[in-house]
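Enquirer: This is a predicted model, with the sequence first.
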Amino acid sequence: MVTFKQPKAFRAVDSALSEWLSSLVRWLPILRQKAHNLLRNSAMNNCEQTRQWLDAYLDNELDPVNTLKIEQHLLACAACLQAYEEQRALGQVTRAVPRYPAPAGLRERILSALRAESDPLTSIHSC
Ligand SMILES: [Zn+2]
């Protein structure tokens with residue numbers, strides 16, 4: 001015996017699915033744009049953070065997790081890799097510049113000036 005309840009149920013499901021699919025199709029471009037914006041903002045944040053941490057990375061001051069984050073970003077981002085290379089080259093140049101000893105007595109003059117500045121009595125007398 002054939003009942004007509006099943007086709008009605010199927011039609012209802014089919015109608016609900018069609019409605020859901022058409023609303024999904026309407027929202028798809030908006031969702032795609034939102035996902036694209038999220039990914040782009042995330043990449044920009046990674047660039048910003050990488051640039052901020054580049055000095056610390058070059059000086060081996062980062063913890064292993066952030067070191068890995070920087071290295072992964074440098075593998076994927078040509079702009080940050082270029083910034084890294086430039087900063088590394090600049091560091092090599094500045095390390096190669098010869099150092100000159102400070103004039104005799106400079107250290108003691110700076111320290112006594114700092115002591116005088118931090119001592120309120122000395123500050124009052126010097127006015
Ligand atoms: Zn980057």
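Expert: Sure, I can see it.
Enquirer: Work out for me the element the spatially most central residue of the chain sits within.
Expert: Geometric centre of the chain, nearest residue: Gln49, 2.2 Å, by Cα atoms, centre = their mean. In the assignment (DSSP states H and E), Gln49 maps to helix 5-58.
Enquirer: which parts of the helix or strand following that helix are buried?
Expert: Where DSSP H and E defines the elements, the next helix or strand beyond helix 5-58 is helix 64-76. Along helix 64-76, these residues count as buried under the neighbour rule (16 or more other Cβ atoms under 10 Å): Lys69, Ile70, His73, Leu74. No exception for glycine: its C-beta is placed from N, CA and C like everyone else's.
Enquirer: Name the surrounding residues that touch the following helix or strand past helix 64-76.
Expert: Remark: after helix 64-76, the chain's next helix or strand is helix 78-96, criterion DSSP H and E. Helix 78-96 is contacted from outside by Cys47, Thr50, Arg51, Leu54, Asp55, Tyr57, Leu58, His73, Leu74, Leu75, using Cβ atoms under 8 Å, 6 or more residues apart in numbering.
Enquirer: any residue of helix 78-96 up close to the ion?
Expert: Yes: with Cβ under 5 Å from the ion as the measure, helix 78-96 is seen reaching the ion through Cys80.
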